[in-house]
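> Just to be clear, the model below is a prediction. Sequence and coordinates:
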2 protein chains.
Amino acid sequence: MARIVMKFGGTSVADLDRIRNVAARVKREVTAGNEVAVVVSAMSGVTNQLVKYCQDLSPLHDAREYDAVVATGEQVTSGLMAIALQEIGVEARSWQGWQIRLKTDGAHGKARIADIDSDELIRRMQTGQVAVVAGFQGIGPDNRVTTLGRGGSDTSAVALAAAIKADRCDIYTDVDGVYTTDPRIVPRARKLQRIAYEEMLELASVGAKVLQTRSVELAMKQRVRVQVLSSFDAADGGDLPGTLVVDEDEIVEKEMVAGIAYSRDEAKITVRHVPDRPGIAAAIFGPLSEASVNVDMIVQNISADGLTDMTFTIGRTDLARTHAILAQHQGDIGYREILADPNVAKISVVGVGMRSHAGVANTMFKALASRGINIQVISTSEIKVSVLIDADSTELAVRALHTAYGLDA
Amino acid sequence: MARIVMKFGGTSVADLDRIRNVAARVKREVTAGNEVAVVVSAMSGVTNQLVKYCQDLSPLHDAREYDAVVATGEQVTSGLMAIALQEIGVEARSWQGWQIRLKTDGAHGKARIADIDSDELIRRMQTGQVAVVAGFQGIGPDNRVTTLGRGGSDTSAVALAAAIKADRCDIYTDVDGVYTTDPRIVPRARKLQRIAYEEMLELASVGAKVLQTRSVELAMKQRVRVQVLSSFDAADGGDLPGTLVVDEDEIVEKEMVAGIAYSRDEAKITVRHVPDRPGIAAAIFGPLSEASVNVDMIVQNISADGLTDMTFTIGRTDLARTHAILAQHQGDIGYREILADPNVAKISVVGVGMRSHAGVANTMFKALASRGINIQVISTSEIKVSVLIDADSTELAVRALHTAYGLDA
């Protein structure tokens, strides 16, 4: 017998038939003798509609009212799921954030979870009642509904799992696990049985968006064993095996590289011919930071004649804004010109095994060179090596690296 | 300066444009120096969709979960209305039933209001903040969301008006007041400036569904002055005058008859040749009552040869069920046959002035006789005379009575 949290996203509960499917899946776990809490998202499309209402009424709407409006999507699903479970003989009840008292801070629209009163939930789960919890929402210090930001239901599920000391937090998604890379690009990509929290974080933040980043951070901090698995049944009606996101120590055979991620949402900016003097980086990146433009990779060329070039990447959607900000500060920075290239991709190899293996970066550089792919920028961390390349070479690069690191199935 | 409650139904908040219109109307009251609480329904169509979800998942769904699901419609509107008000410079915040603590009993799906904590609301209204209250919902003794039954937002508004001691409760609807009869049948129907609670109750229960019956009962009990008025603006941008529902004492010139109502939702049953013995009425109506079939008018013929006929009316939708129940009890009752006629209409003349005027019923009988309309059943109360006639004569009868009682404009 285990205590588990099962989380279902919007596509898994998109209509009544899918809600019935989820209920049947929950019943299997209950019948197997497990104590189950279910966390649900809004039916797909609902949240977008509600967000649009708020934005159309007022671009600068009150975040507290926004929360009251958008949190209703999960409330609906939680009630419907409880009804669907009862209909097939499973005892169940719905819980809103304010009812379990999933307490958050007061940052409406992107609140962080402070505490969950789990005693009553646990008591009821021990009597066999399934707790159906509305994801994405909590209650703030002002006794008003808060929401956790888009994708926040993953975080709800992990926080709930930590609070009720669940043995496992199963996140059902429209993929059936975490792969060594995107299977649409590399058909021979393998599903990972296990992945370390840190690897999952790096893969998520570079574009393999299976789980909300915050939920992985929370799972890592609270040591919650998260399983990513498909919301679709296997041919035999059972669950398809998924991927366990666990502590590094639970992964005995550490591969050097766990996976290859890519992102085509970047743009490259080069600020040409800036004076190579102390404070020049602050002059460039200070105004960007104030405008909440996220700068990722940064490279400074060696100096020539007291001038240098500064190259960095930003989110592609920030390109126009970045241009404008830099133009505004041309006087302070003293650059000659700005080059912008939106046609770039960031490719990253990720793995906790890197810590104990040498030559990871070199394998990458050789593999890319052998395909004639030019590296524009490099950045490294303890468990990741990322390069910026021409976007047109994305697929070629990912395939080459997948093979080079021995990840092909 | 006055303290008022303004209630807007689903068609008045059907889309963002209408929500903006309502906000502008609320602003007028605020600008005029009034303290305002707004009660909103769900956007039209939303509640029906949510109810359908619950019914499709389980015909016998848990009423507590039903309440959690359907109450979201009003929650959405309350948040959007607060945003719309803020956008035009009116300070406002939304309140859910569990936040104001609109406490109800535990009868989920048709809960009755027990108490409203109004101190905080009043305090904020006195500082100029508009309270936008989600109608139709409260919180039960089990700390779960309850709903008040279809049309319950009218009752929310009246209860709130009583709790905050409002000077007036304005109910905005898609009609612009209460008429002497249905203007679609009698073009010369007049809008009443004032109507007594009792009259409104009789008119509502016989088919002139402007206000939910319970809301009128509550208004009468709590002496809340209710105004029914159109949610559409007058040509000059102001409010069209509506109808005030008030205490009888406030109506100085009492007309003999305030209005003519009709209902085509009835069916007539005659149980033929039952033994005329004590207990026969109980034998017929006991089983119907147990099955929650509402019986309205009842007539027993005079006896002949120890046998009699019993005629009564029921809601037309209960016809098949009533037939089945009576057939089941033929042995106990001992009737020979059942006649059923779904093609009937009930016409009622209503007025508190009847108490002091003689001849009201006779005027009715003469007017119907002069048009050749046969009366099948008669029933009377202190302020109402109702007759059952052939449904095909409905319009003719209503017009004749409207003229006979001097109600034509």
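Noted; the coordinates are in hand.

> Skip ahead from whichever strand or helix holds A:Q49 and say which helix or strand is next.
Under the assignment given by DSSP states H and E, the secondary-structure element containing A:Q49 is helix A:46-57. Scanning forward in sequence from helix A:46-57 by DSSP H and E, the next helix or strand is helix A:63-70.

> Show the average pLDDT along that next one.
Over the span of helix A:63-70, the pLDDT mean works out to 97.

> Distance from the helix holding A:Q49 to the middle of the chain?
The gap between where helix A:46-57 is centred and where its chain is centred comes out at 23 Å by C-alpha atoms, centre = their mean, to the nearest Å.

> Packing partners of it?
If contacts are counted by 3 or more C-beta pairs under 8 Å, 6 or more residues apart in numbering or on different chains; DSSP states H and E, helix A:46-57 sits against helix A:63-70, helix A:72-87, helix B:16-31, helix B:72-87. Every residue, glycine included, has its C-beta placed from N, CA and C.

> Using PDB, write out every CA atom in that helix.
These are the backbone C-alpha positions of helix A:46-57, laid out as PDB (Å, rounded to 0.1, in the frame of the first residue of the first chain):
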ATOM      1  CA  VAL A  46     -10.900  27.200 -20.100                       C
ATOM      2  CA  THR A  47      -8.100  29.100 -18.400                       C
ATOM      3  CA  ASN A  48      -7.100  30.800 -21.700                       C
ATOM      4  CA  GLN A  49     -10.700  32.000 -22.100                       C
ATOM      5  CA  LEU A  50     -10.800  33.400 -18.600                       C
ATOM      6  CA  VAL A  51      -7.500  35.100 -18.900                       C
ATOM      7  CA  LYS A  52      -8.600  36.700 -22.100                       C
ATOM      8  CA  TYR A  53     -11.800  38.100 -20.400                       C
ATOM      9  CA  CYS A  54      -9.600  39.800 -17.800                       C
ATOM     10  CA  GLN A  55      -7.200  41.200 -20.300                       C
ATOM     11  CA  ASP A  56      -9.900  42.400 -22.600                       C
ATOM     12  CA  LEU A  57     -11.600  44.300 -19.700                       C
END
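
> Shouldn't A:T322 be within a helix?
Yes - when the secondary structure is assigned by DSSP: H, G, I helix; E, B strand; the rest coil, A:T322 falls within a helix.

> A:A196 and A:E255 touch, don't they?
No - distance between A:A196 and A:E255: 10.5 Å, which falls outside the contact criterion (C-beta atoms under 8 Å).

> ok, the two, which is more surrounded?
Ranked by neighbour count (other C-beta atoms under 10 Å in any protein chain shown), A:A196 and A:E255 place A:A196 first, with 24 against 18.

> The closest residue to that one other than its chain neighbours: neighbour count?
Taking C-beta to C-beta, 6 or more residues apart in numbering or on different chains, and ignoring the residues beside it in sequence, A:A196 has A:E248 as its nearest neighbour in space, at 4.2 Å. Using other C-beta under 10 Å, the number of residues around A:E248 comes to 17.

> Report the contact partners of A:A258.
Applying C-beta atoms under 8 Å, 6 or more residues apart in numbering or on different chains to A:A258 gives the contacts A:180, A:192, A:195-196, A:199, A:203, A:350-353.

> circling back: tell me the confidence at the residue nearest to A:A196?
89.

> residues touching it, list them.
The neighbourhood of A:E248, defined by C-beta under 8 Å, 6+ apart, consists of A:196-198, A:254, A:352.

> Most neighbours among those, please name it.
Neighbour counts for the contacts of A:E248, by other C-beta under 10 Å, peak at A:A196, which reaches 24 neighbours.

> Okay, and the beta partners of it?
Using DSSP bridges, the bridge partners assigned to A:A196 are A:V246.

> Please give the number of neighbouring residues around the residue nearest to A:Q99 when sequence neighbours are not counted.
On the basis of C-beta to C-beta, 6+ apart, the spatially nearest residue to A:Q99 that is not a chain neighbour turns out to be B:N143, at 6.6 Å. The local packing of B:N143 (other C-beta under 10 Å) involves 9 other residues.

> what helix or strand is the residue in the stretch 101-250 of chain A positioned nearest to chain B on?
Ranking the residues of the stretch 101-250 of chain A by distance to chain B (C-beta to the nearest C-beta) places A:N143 first, at 6.6 Å. When secondary structure is defined by DSSP H and E, A:N143 falls outside every helix and strand.
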